[in-house]
Structure formats: structure tokens, C-alpha cells
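Novice: below are the sequence and a predicted model; questions follow.
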Amino acid sequence: MLKKLFGLDKKEAAPVQPTQEIVHSPMTGKYVAIENVPDPTFAEKMMGDGVAVEPANGTVVAPVSGEIMQVFPTKHAIGIKTPGGAEILLHIGLETVNMKGEGFTAHVKEGDKVKVGDPLVDFDLALVKEKAASIITPIVVTNQDDLDSVIKETATDVVAGETPLLTLKMKG
């Protein structure tokens with residue numbers, strides 16, 4: 001009786017998971033199909049499906065809202081988990097791990113919550129062009145088996161935090 005009187009009998013509703021999420025471009029630049037990334041790990045979708053961007057500058061922003069799951073020690077790659085459970089990997093340039101973090105400044109750490117457009121990393125574009133295999137940056141869904149579908153948007157020029165690249169349909 002007291003529980004009912006004080007509203008203690010009500011169970012907390014589980015948070016509603018989104019059924020669809022949009023992955024925006026993390027950079028301003030040119031759209032690149034994942035199959036055209038000059039690295040078989042990405043082009044053959046070994047890490048997962050997605051798209052890529054050839055950046056026009058060295059600013060990387062959050063393409064989705066969510067939680068930072070991983071910031072690689074070399075700051076060239078970041079993993080983000082969305083509220084719906086999609087896991088997104090941003091890999092700045094190709095073979096940039098060999099730069100050992102030189103030219104990269106991370107603005108987030110594991111466990112941080114981010115919104116679309118929040119700054120993630122700044123990097124020296126000229127230095128990456130000089131030292132890495134490519135500046136092309138893959139954006140990959142690494143847990144695609146947990147989703148119903150990944151729909152690729154078509155674009156040519158993309159704007160950081162604004163241009164939609166992928167529509168993720170969540171299982172549910």
C-alpha cells in the first residue's frame with residue numbers, strides 16, 4: 001500500500017534505443033567510396049563497411065553522438081559507440097600508426113561523451129601527407145552484424161559534422 005501511495009511500485013522504463021542513426025562526416029573534404037581506399041584492410045571491408053573522406057584540413061569532429069570507446073595511443077584512430085550500439089572507427093590517414101602520434105592532438109579520452117560536431121582530433125595535414133601512405137580517412141562500422149543495415153549516402157564534397165554519410169538501421 002505504501003509503495004503505491006508514494007509511487008514506489010513503478011518500475012523505471014528502459015531507455016528507448018534509437019532505431020536509426022546517422023553518421024555524419026567527421027571532416028571537411030571529398031567523399032571516397034570505401035572500395036577506393038588504397039589499403040586492402042579497408043577496401044575489402046575486413047574491419048567493416050563504411051565510407052572514407054579525403055580531408056581538406058586537419059580537423060576531425062565527432063560523426064555521431066555517443067561515448068568514446070578508444071583513443072589509440074598514437075591518436076590516429078578513435079572508436080565511438082552510439083546510443084543505439086553501433087561502433088564507429090575513425091582511422092585518420094593510412095599507415096599513420098607509424099607516425100607514433102607526431103602531429104596529432106586528441107581532444108577526447110576514453111569514456112568521454114560527445115555530440116555530433118564536437119572536436120575529436122586536430123592533426124598536421126601537411127605532415128601526414130609527407131609521412132603517411134595516404135591522408136584518406138576511413139569511417140567504418142566495426143560491428144555491422146549487430147545492425148539490420150548500413151545505407152551509404154552519396155556525396156561529393158562533405159562538411160565536418162554536417163554531411164550525412166551513413167544511415168544505420170538498428171536491430172530491434
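Specialist: The structure has been received and is ready for your questions. This is a predicted model, so every value here is computed, not measured.

Novice: only C-alpha atoms from now on, for both contacts and neighbour counts.
Specialist: Fine.

Novice: can you give me the buried ones in stretch 141-153?
Specialist: The neighbour-count check on stretch 141-153 (16 or more other C-alpha atoms under 10 Å) flags 141-144, 147, 150, 152 as buried.

Novice: ugh, wrong one, stretch 120-130
Specialist: Those would be 120-123, 125, 128, for stretch 120-130 by 16+ other C-alpha under 10 Å.

Novice: now it: mean pLDDT?
Specialist: Stretch 120-130 comes out with an average pLDDT of 98.

Novice: so where does the residue most central in space within the chain fall, helix or strand?
Specialist: Geometric centre of the chain, nearest residue: residue 88, 4.1 Å, by C-alpha atoms, centre = their mean. Assigned by DSSP states H and E, residue 88 belongs to strand 87-91.

Novice: which residues touch the helix or strand following that strand?
Specialist: Remark: after strand 87-91, the chain's next helix or strand is strand 104-106, criterion DSSP H and E. Contact partners of strand 104-106, identified using C-alpha atoms under 8 Å, 6 or more residues apart in numbering, comprise 74-76, 120-124.

Novice: dump those to CSV, plus secondary structure and distance to residue 46.
Specialist: Below are the contacts of strand 104-106 laid out as CSV (DSSP: H, G, I helix; E, B strand; the rest coil; distance: C-alpha to C-alpha, whole Å):
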residue, secondary structure, distance to residue 46
74, coil, 21
75, coil, 21
76, coil, 19
120, strand, 24
121, strand, 24
122, strand, 27
123, strand, 26
124, coil, 28
